[in-house]
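> how would this look folded up:
(one chain, ligands or ions: 1)
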Amino acid sequence: MAAVFRRFSNTNQKYPLLCTLTTNFTSLSTPINRKYIKAPFQVRGETTTPEVVAGFDEMAAGNKRKYYMLGGKGGVGKTSCAASLALKFANNGHPTIVVSTDPAHSLSDSFAQDLSGGRLVPVEGVESPLFALEINPDKAKEDFRNRIQKRGGSGVKDIMDGMGLGMLAGQLEQLKLEELLDTPPPGLDEALAVSKVMQFVDSQEYSKFSRIVLDTAPTGHTLRLLSLPDFLDGSIGKMMKLKKKLASATSAIKSVFGKEVPQQDTSTELEQLKERMAKVRDLFHNPDTTEFVVVTIPTVMAISESSRLHASLRKESVPVQRLIVNQVLPPSGSDCKFCAVRRKDQMRALNMIRNDPELGGLKLIQSPLIEMEIRGVPALKFMGDMVWR
Ligand SMILES: Nc1ncnc2c1ncn2[C@@H]1O[C@H](COP(=O)(O)OP(=O)(O)OP(=O)(O)O)[C@@H](O)[C@H]1O
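Numbering: from 1, shown residues only. Now for the predicted structure:
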């Protein structure tokens, strides 16, 4: 290994992976760029994976609203792919919103501008309407908790206690919504964040947006989000039943004592949450409106995780057609030893995808490793023109 690094230091190159590439984001049609965009990735003696185009025309066809969710292992390039896709949709005439529900947002970093604040923010430096929205799952949960508390969620128990209905109150204690929020079932944060997105995009004000691109949280969160709605449906269903029991008990007491019992109603919030959960579930499952795009990199670890992700998505009937393999080493006529070894390794990983029972059937889109960090609108446009063709 030391020899390899010595070799790099002798080449006068600051960065080993820069062997042959020169990228200039502001002049996108230089011959070198075109060359490596179109060339198939090949290694001597290795089986090559044919390049497949993403089918962007199909993704952009029609003005009916479509949702694209990009997900995968942490750090593989989900945000860069989501941001570049959103930009490309916008440049193709679709008013577009790009949303992040990842607790560790990087949309602002990716566009190199402040898009935080939990509201729609216009992306600067683009010619077409493109808006961004960063939803903070913790904040979404806190807002929900505040709304519940405003409606006096915990007060019901005190009233029932005061009226000698301790047993019923005990049951309520077990199912209190505040407790659900204190020790949330896995996935609740993400579900609340996605449901907040739905609230935004469903409103009349935003009806003109025909493409919604979601940069989701890393795999684990996505899987929990997918399994949540059924679980929550069950808990909320139970809570609502209990609320109904309480309502009839309080009205019976009222009629006996002829006194007014203050309304402490959290049912509306619960019903709304349940409705929104159902919408989130529908959104994830409707192949006419939604596609989940898996993003990975050509390493055994990332591919294994992507395979598990796809298995779960398939089990949940979430529509998936495309797999992006990001950061593939571009072809080079003069490989250094390090690049040659990495390239071989990547080629093996690409072949692993082809033979993987989960991933083999997906449309495989290769996105080259660019020697510069993808940051800012010109860089995202550059990446988008390579990946989304
Ligand atoms: N094809 C590429 N070539 C060069 N750099 C890339 C490429 N794709 C992504 N990057 C860089 O890799 C880093 C991680 O990318 P990105 O933030 O898009 O990943 P992510 O999967 O969204 O990460 P996280 O899981 O942390 O949200 C960024 O610095 C980005 O600029």
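> name the element residue 287 belongs to?
Here residue 287 sits in a region with no helix or strand, counting by DSSP states H and E.
> now for it: which residues touch it?
Contact analysis of residue 287 by Cβ atoms under 8 Å, 6 or more residues apart in numbering lists residue 319. C-betas here are computed from N, CA, C, even on glycine.
> same thing with residue 59?
Applying Cβ under 8 Å, 6+ apart, we find residue 59 in contact with 66, 68, 89, 291, 388.
> ok, the residue of the stretch 151-300 of the chain found nearest the ligand to residue 76 distance?
Using Cβ to the nearest ligand atom, the closest approach of the stretch 151-300 of the chain to the ligand is made by residue 218 at 4.9 Å. In this view, residue 218 and residue 76 are 9 Å apart by Cβ to Cβ, to the nearest Å.
> same thing with residue 349?
Using Cβ to Cβ, one gets 12 Å for the distance from residue 349 to residue 76.
> before we move on, what about residue 319?
20 Å.
> what do you get for residue 217?
Noted for residue 217: a distance of 13 Å to residue 76, by Cβ to Cβ.
> got it, and residue 57?
Computed with Cβ to Cβ, the distance linking residue 57 and residue 76 is 25 Å.
> flag every residue of this structure that's near the ligand.
Residues of the chain lying close to the ligand (Cβ under 6 Å from any ligand atom) are 74-80, 102, 104, 106, 218, 326-327, 367, 369-370, 373-375.
> contacting residues for the closest residue to residue 216 other than its chain neighbours?
Beyond its immediate neighbours in the sequence, the residue positioned closest to residue 216 (Cβ to Cβ, 6 or more residues apart in numbering) is residue 71, lying 4.2 Å away. Taking Cβ under 8 Å, 6+ apart, we find residue 71 in contact with 78, 216, 217, 218, 219, 222, 292, 293, 294, 295, 309.
> again, but for residue 294
Neighbouring residues of residue 294 by Cβ under 8 Å, 6+ apart: 71, 72, 306, 309, 310, 313, 320, 322, 323, 324, 359, 362.
> once you drop chain neighbours, what's closest to it?
By the measure of Cβ to Cβ, 6+ apart, the closest residue to residue 294 outside its immediate chain neighbours is residue 323, 4.9 Å from it.
> so which helix or strand takes in that neighbour?
Following DSSP H and E, one finds residue 323 within strand 320-328.
> what pLDDT, on average, does whichever helix or strand comes after that strand get?
Proceeding C-terminally, strand 320-328 gives way to helix 337-355 as the next helix or strand, assigned by DSSP H and E. Confidence over helix 337-355 (mean pLDDT, whole number) is 92.
> CA atoms of the very next helix or strand once past helix 337-355 as PDB?
Once helix 337-355 ends, the next helix or strand along the chain (criterion: DSSP H and E) is strand 363-368. What follows is strand 363-368, C-alpha atoms only, in PDB (Å, rounded to 0.1, in the frame of the first residue of the first chain):
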ATOM      1  CA  LYS A 363     -32.600  -0.900 -14.900                       C
ATOM      2  CA  LEU A 364     -29.000  -0.300 -14.000                       C
ATOM      3  CA  ILE A 365     -27.900   3.300 -14.300                       C
ATOM      4  CA  GLN A 366     -24.200   4.100 -13.900                       C
ATOM      5  CA  SER A 367     -23.100   7.400 -12.600                       C
ATOM      6  CA  PRO A 368     -19.400   8.200 -12.800                       C
END
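> run through who's touching whichever helix or strand comes after strand 363-368.
Next along the chain after strand 363-368, taking DSSP H and E as the criterion, comes helix 377-387. The set of residues external to helix 377-387 that reach it, using Cβ under 8 Å, 6+ apart, is 23, 25-26, 28, 33, 37, 54, 80-81, 83-85, 87-88, 91, 110-112, 123-126, 324, 326, 365, 367-368, 370, 372-374.
> quick one: pLDDT of the residue of the stretch 151-300 of the chain closest to the ligand?
Looking at residue 218 specifically, the model assigns a pLDDT of 70.
> what about the spatially closest residue to it that is not a sequence neighbour, is that helix, strand or coil?
If you skip the residues right next to it in sequence, residue 218 has residue 74 as its closest partner in space, 4.1 Å away by Cβ to Cβ, 6+ apart. Assigned state for residue 74: coil (three-state reduction, DSSP: H, G, I helix; E, B strand; the rest coil).
> re earlier: any chance of TSV for the contacts of residue 71, columns secondary structure?
Rendered in TSV, the data for the contacts of residue 71 read as follows (three-state DSSP):
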residue	secondary structure
78	helix
216	coil
217	coil
218	coil
219	helix
222	helix
292	strand
293	strand
294	strand
295	strand
309	helix
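> show me the contacts for residue 136.
Residues counted as contacts of residue 136 (Cβ under 8 Å, 6+ apart) are 103, 105, 118, 193.
> tell me who's in contact with the third one.
By that I understand residue 118. For residue 118, the contacting residues are 133, 134, 135, 136, 139, 196, by Cβ under 8 Å, 6+ apart.
> nearest to the ligand, of those?
Proximity of the contacts of residue 118 to the ligand (Cβ to the nearest ligand atom) peaks at residue 134, which lies at 11.8 Å.
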